[in-house]
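A.B. asks: Got a predicted structure plus its sequence, pasted below:
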Amino acid sequence: MLRRTILKALGAGAAAASLPSLAQISSRPITLIVPFAAGGNIDLVGRIIAPPLAKLLGQTVVVQNRAGAGGAIGVSEVARAEPDGSTLLVSTPNAIVVVPRMVHTTYDMASFASVGLISFTSQVIVIRAENPKFKSFPDLIAYARANPGRVSVAHSGIGTTNHMAILQLQEAAGIQLNVVAYKGSGPAIVDLLGGQIDVLVDQLSSSISNIKAGKFIALTVLSNARDPLVPDVPGTKEGGLAAVDTSTTTGLLAPAKTPPATLATLNAALNKALGEEETKAQLLRVGSIARPGPAEAFTALLKAEDQQAQALAAAGKLKTE
């Protein structure tokens with residue numbers, strides 16, 4: 001994926017901009033729409049940033065889950081909302097630029113304005129610790145090669161970074177998995193704990209509590225490098241699949257035509273919130289790293305992901321399971 005290159009290139013400008021006034025931007029409470037079910041990475045991140053944003057903006061900030069269609073239901077709601085800063089979207093780029101190439105949507109990238117980056121999160125492959133089917137990541141790959149379609153693997157919704165990671169994994173490893181889509185990581189976690197599915201590709205943020213509690217075994221981080229939050233979990237390069245190197249970046253968006261002054265106020269509040277030690281600590285506790293920065297960094301990421309999605313769609317690789 002292109003996330004890390006873009007973040008390194010643009011993140012350096014985050015501290016340079018002066019902060020505009022954090023005055024009230026609307027007379028209405030602010031709603032943060034999370035386009036996935038409760039308990040997943042996006043939901044956790046949204047609920048962590050809501051309180052400091054409320055404090056800084058002097059307004060009520062409420063998180064609402066609008067799950068379904070790979071995030072398209074919640075994303076559509078924000079796209080048609082009043083562009084006054086009172087309705088915002090917490091999302092990865094995928095729900096904006098990948099999902100519209102897989103299902104019919106009433107929005108595209110032009111329907112939104114970037115507020116800013118929020119956080120970076122590693123992705124992991126987890127299995128349940130009770131009666132584990134696989135001893136290691138190479139063991140999983142070997143079994144899947146010998147038994148096409150016999151391993152069920154869950155993700156949080158069509159077009160999500162988790163879904164894209166599974167597509168990347170299947171192509172790189174030359175395997176065929178039984179891919180199962182959910183309306184978010186939360187429901188998938190419940191089914192993995194219950195033994196209804198074999199494997200879950202998830203963000204570290206939504207699985208780390210079960211990993212630490214000994215309920216999940218993390219077979220690999222879906223990155224060449226290990227994640228310092230789970231230092232004992234090997235990366236894909238150690239498992240012989242260096243071609244699989246992916247992660248999740250979350251950002252905040254507003255409807256298109258939101259006034260520039262409002263966007264600047266929101267970006268300043270977001271960056272200040274992400275710079276607070278308590279916010280950074282809360283994100284770290286759930287496996288995410290704060291990524292304050294200019295709105296342009298998230299816009300650049302969206303454009304890069306859009307180009308990649310266009311190429312995948314042209315190659316016939318973006319389709320619902």
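C.D. replies: Structure's in. What do you need? None of these values were measured; they are calculated from a predicted model.

A.B. asks: measure the residue sitting furthest away from the middle of the chain to Leu140 for me?
C.D. replies: Ranked by distance from the centre of the chain (CA atoms, centre = their mean), the top residue is Ala146, with 31.3 Å. Using CB to CB, to the nearest Å, Ala146 is found at 11 Å from Leu140. Placement of C-beta: from N, CA and C, glycine included.

A.B. asks: who does whatever helix or strand Thr262 lives in touch, helix- and strand-wise?
C.D. replies: Secondary structure from DSSP states H and E places Thr262 in helix 260-275. Applying 3 or more CB pairs under 8 Å, 6 or more residues apart in numbering; DSSP states H and E, we find helix 260-275 packed against helix 41-57, strand 112-128, strand 247-255.

A.B. asks: just the CA coordinates of the first one, formatted as CSV?
C.D. replies: Pointing back at helix 41-57 there. C-alpha atoms of helix 41-57 as CSV (Å, rounded to 0.1, in the frame of the first residue of the first chain):
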residue,chain,number,x,y,z
ASN,A,41,-11.1,-0.2,14.8
ILE,A,42,-13.0,2.8,13.4
ASP,A,43,-15.5,2.8,16.2
LEU,A,44,-12.8,2.7,18.9
VAL,A,45,-10.8,5.5,17.3
GLY,A,46,-14.0,7.7,16.9
ARG,A,47,-14.9,7.2,20.5
ILE,A,48,-11.4,8.1,21.7
ILE,A,49,-11.2,11.4,19.8
ALA,A,50,-14.8,12.5,20.5
PRO,A,51,-14.3,13.7,24.1
PRO,A,52,-11.2,15.9,23.4
LEU,A,53,-12.9,17.4,20.3
ALA,A,54,-15.9,18.2,22.4
LYS,A,55,-13.7,19.9,25.0
LEU,A,56,-11.7,21.9,22.5
LEU,A,57,-14.7,23.0,20.4
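
A.B. asks: Tell me the first helix or strand C-terminal of that helix.
C.D. replies: strand 61-65.

A.B. asks: Next, count neighbours for Pro255.
C.D. replies: Neighbour count for Pro255, taken as other CB atoms under 10 Å: 22.

A.B. asks: angle of the longest helix anywhere in the chain against strand 112-128?
C.D. replies: Counting by DSSP state H, the longest helix found in the chain is helix 295-314. Relative orientation of helix 295-314 and strand 112-128, computed by axes from the mean of the first three to the mean of the last three CA atoms, to 10 degrees: 70 degrees.
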